[in-house]
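Asker: Return a 3D structure for these sequence lines:
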Amino acid sequence: GLEFDCDGDDCALLEVDLATSFPCTFSTSATAVWADGGDDDDATDDDDATDDDDTAPDDDDIAPDDDDTAPDDDDIAPDDDDTAPDDDDTVAPDDDDIAPDDDDIAPDDDDIAPDDDDIAPDDDDTAPDDDDDIAPDDDDTVAESADIVGLSVDGDTFPITIEQGEALDLGYSYANDGLGDATLSVASPLVNRIHLSVGSTAATSADILVEGTRTADLVAGGSSFLGVGARTVTLAPGSYQVVLEVDATDNVPESDESNNELLAGTVTIVPSTAPEDCSNGTDDDFDGDEDCDDSECSGDVACEPDLVPLSLDTLSLPTTVADGASITLGYSYQNAGGGPTTGISVGSPMNNRVHLSPTTSPADSVAVILSATRTSNLNPGQSSALSAVSVTLSAPAGTWNVLVSVDDEDLVAEGDESNNVLVAGTMTVTN
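Answerer: You can find the predicted model right below:
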C-alpha cells in the first residue's frame, strides 16, 4: 500500500508497499502530486528534467543547474550562468558573458561585448564582433587596424654607381595589409620617404631623396604608388643603402609598427668629373668651392675683369678727311667681366687709344688719332666714356680702319684679352 504523511490538504509520500494491490483509497481528502522527474522550483514554464532553478520563463535545457535570470536559454551544456538572453552555445560549459548572442563553441569566453563568434577559447576582447580569431587568448581591445607596408622601390636597378650631381630615377609602391582602413586627411596624411642611409634603416639616413604624402583613406587590402622621377644626388662619395620608409611620421595607428621599412639596395657615389660653371651659383664639381672661389675658375671671364670697347662717338663713319683737318670724336667702354680691375692708378694709368690701321689690329697702326688715360679701377659691369674732344688729324693718305682699343698696353689682367678692340668703320685720309 502507499503511506502518506498528511497535514490538512497537503500530503507527502512516505512509503510504498509493493505487496499492496492497486487501486488504493485514501483515508483523507488529500490530493497526491506526482513530480515531473526532478526538483524544478521555477515559477514559470520550465520543463527541464534536471535541477534548474531559473526565475525566467521557457528554459528548456537538458543540462543541470542552469541558474540564468534571462529567458530562452536553450543550452545543452551545464552551469551557464549568463544574465543576458539567447545564449545558444552547444558544447562549451561555463560561458559567463553579460552580453547577449554569444554563439561560441569554445569554453570560457568572458567577453563583455556582444556577438563574438570565435572558435578559440579564452578570448577576452572588449570590442564587439571579433569573428576572425582562431587562436586562443586574444586580449586585444581593437577589433581591426591598418598595417602599412612598403612593397618596392621602383625605377633604377640596384646596386648602382653614380657620380655626385647625377640623378637617380626613383618611385615606390606600398599597401595596407591590415584588416582595417587607414583613415587619412590633409591634417594627418600618410608620409612615405626614400632615404639614402649610411646604415640599413631610416634612423641612419644621410639624405631624404623622395618624400610623398597621401591624404585619401587607404582601405584594407588596398595599395598605391608614387611614380618614378629624377632625384639629384649630392652626398659625399661613399656607399649608401636605399631605404623605403612608409608612415614615416606615425600618423596611422597600425596593428604592426615593426614592418614600415623596406631595404631596397645599394648606391655607390663617386666624385664628380663635371667642370665648375663659374657663374651659376652652384658647386658643380662638389669640391666645396663655388663659382669664382673654385680654383678651376682662376682666369675665367666670369671671375676676372674684361674690358670691352662699346662705341666710337660723334664721328660718323665712313668719312673722308683731309690730313691736318680738325675732327671731333670720343668713345665708351665697360668692364664686362665678373671681377674688378686691379692695378690702375695715377702712377700706373690705363691707356685707351683710337688707331688708324690697314688691318683690324692696333699692332699695324699707321696713326694714333686719339689717346686718353684712366687712373681708377672699374667694378664688374661698370662703364666709362671719353666725351667728344676735338683733335687735329695727322695721318698718311689712304683708307684705313678706325680702331678703338681699350687697355691698349695690356696693363689689366683680364679673363678675355681678345676683345679689347672695336672696328668702328673706315676713314679715307687725303693730302
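Asker: tell me, how many neighbours does residue 334 end up with?
Answerer: If you count neighbours by other C-beta atoms under 10 Å, residue 334 ends up with 18. Every C-beta, even on glycine, is put in place using the N, C-alpha and C of the backbone.
Asker: do you know how far it is from residue 428?
Answerer: Going from residue 334 to residue 428 by C-beta to C-beta, to the nearest Å gives 30 Å.
Asker: Check residue 186 too.
Answerer: From residue 186 to residue 428 the distance is 79 Å (C-beta to C-beta).
Asker: quick one: which of the two has more around it?
Answerer: Between residue 186 and residue 428, residue 428 has the larger neighbour count (other C-beta under 10 Å), namely 13 against 8.
Asker: pretty sure the more buried one is touching residue 317, no?
Answerer: No: contact criterion C-beta atoms under 8 Å: residue 428 and residue 317 do not qualify, at 10.1 Å.
Asker: So in the chain, where's the weakest helix or strand by average pLDDT?
Answerer: Across the helices and strands of the chain, mean pLDDT, DSSP states H and E gives its lowest value to strand 10-16, namely a mean of 49.
Asker: Could you spell out the sheet neighbours of the very next helix or strand once past that strand, each with its direction?
Answerer: The helix or strand immediately downstream of strand 10-16 is strand 148-155, counting by DSSP states H and E. Partners of strand 148-155 in the sheet, by DSSP bridges, are strand 167-176 (antiparallel).
Asker: Tell me the spacing between residue 345 and residue 150.
Answerer: 68 Å.
Asker: now do residue 263
Answerer: For residue 263 relative to residue 150 (C-beta to C-beta), the value is 9 Å.
Asker: So those two - more neighbours on which side?
Answerer: A direct count of neighbours by other C-beta under 10 Å for residue 263 and residue 150 places residue 150 higher, at 22 against 16.
Asker: Which residue is the nearest non-sequential neighbour of the more buried one?
Answerer: residue 262 (3.6 Å; C-beta to C-beta, 6 or more residues apart in numbering).
Asker: burial of the one you found, as a residue count?
Answerer: 19.
Asker: Also residue 349?
Answerer: Neighbours around residue 349, by other C-beta under 10 Å: 15.
Asker: contacting residues for it?
Answerer: For residue 349, the contact set (C-beta atoms under 8 Å, 6 or more residues apart in numbering) comprises 373-375, 411.
Asker: which of those has the most neighbours?
Answerer: Of these, with other C-beta under 10 Å as the count, residue 374 tops at 21 neighbours.
Asker: how about that one, phi and psi?
Answerer: phi -130, psi 140 (degrees, to the nearest 10).
Asker: need the contact list for it.
Answerer: Contact partners of residue 374, counting by C-beta under 8 Å, 6+ apart, are 344, 349-350, 352, 384.
Asker: Recalculate using a threshold of 6 Å.
Answerer: Contacts were defined as C-beta atoms under 6 Å, 6 or more residues apart in numbering; by that measure residue 374 touches residue 350.
Asker: Beta-bridge partners for it, please?
Answerer: Going by DSSP bridges, residue 374 forms beta bridges with residue 350.
Asker: Could you do residue 154 as well?
Answerer: Beta-bridge partners, per DSSP bridges, of residue 154: residue 171.
Asker: That one and residue 169 touch, don't they?
Answerer: No: counting by C-beta atoms under 6 Å, residue 154 stays clear of residue 169, with 8.5 Å between them.
Asker: got any residues that touch both of those two?
Answerer: Common neighbours of residue 154 and residue 169 (C-beta under 6 Å, 6+ apart) are residue 228.
Asker: Residue ranges in this protein under the pLDDT threshold?
Answerer: 1-143 (pLDDT under 70).
Asker: and the closest residue in space to residue 273 that isn't next to it in sequence, backbone torsions?
Answerer: In space, and not counting its chain neighbours, residue 273 is closest to residue 163: 6.3 Å by C-beta to C-beta, 6+ apart. Backbone geometry at residue 163, expressed as degrees, to the nearest 10, gives phi -90, psi 150.
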